[in-house]
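J.: I would like to see how this sequence folds:
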Amino acid sequence: MAFRGPRQEVVEARLMKAFPDALHMEVTNESHGRQEDESHFHVLLVAEAFEGVNLIGRHRLVNSAVAEEDGTLGFHSVRITAKAPTQWEANPSVPAAPRCTGKGDGVPGR
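T.: Okay, the predicted model is just below:
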């Protein structure tokens, strides 16, 4: 079983509060060091709230839902896959995570 810590529980609770009618939600700890560090997460969210909202808008909605009161993240990185139900039905695939170099660039192959 994958590690599920207190930070992940906070992220999940905030998403459930912001998107109570989400059709699908997964929060995965993708921390590349010790998973207990809870530094990197992937959020997969399918919700009606994303219908007609562009990619940047969907990311902003998710970021604001998981951010602290001051707008910062309580962890290093969040990778977001946010789809409207029609998009999810047409293509339920999730893009692979880019390789993290630990330098904040997320550039594959570095």
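J.: CA only for contacts and neighbour counts going forward, please
T.: Will do.
J.: mind checking how far Ile80 is from Val62?
T.: Separation of Ile80 from Val62 (C-alpha to C-alpha, to the nearest Å): 8 Å.
J.: How many residues are close by the residue nearest to Leu15 when sequence neighbours are not counted?
T.: Setting aside the residues directly before and after it, Leu15 is nearest to Ala65 in space (C-alpha to C-alpha, 6 or more residues apart in numbering), at 5.9 Å. Counted with other C-alpha atoms under 10 Å, residues neighbouring Ala65 total 20.
J.: Equivalent analysis for Val43, please.
T.: 21.
J.: Next, the contact list for it, please.
T.: Counting by C-alpha atoms under 8 Å, 6 or more residues apart in numbering, Val43 touches 25-28, 78-82.
J.: thinking again about what came up before, from the contact counts, what lies against the helix or strand the residue nearest to Leu15 falls within?
T.: Assessed by DSSP states H and E, Ala65 sits inside helix 55-66. Helices and strands touching helix 55-66, by 3 or more C-alpha pairs under 8 Å, 6 or more residues apart in numbering; DSSP states H and E, are helix 6-18, strand 77-83.
J.: so which of these comes closest to Glu51?
T.: Glu51 lies closest to strand 77-83 among the helices and strands packed on helix 55-66, at 7.9 Å (C-alpha to C-alpha).
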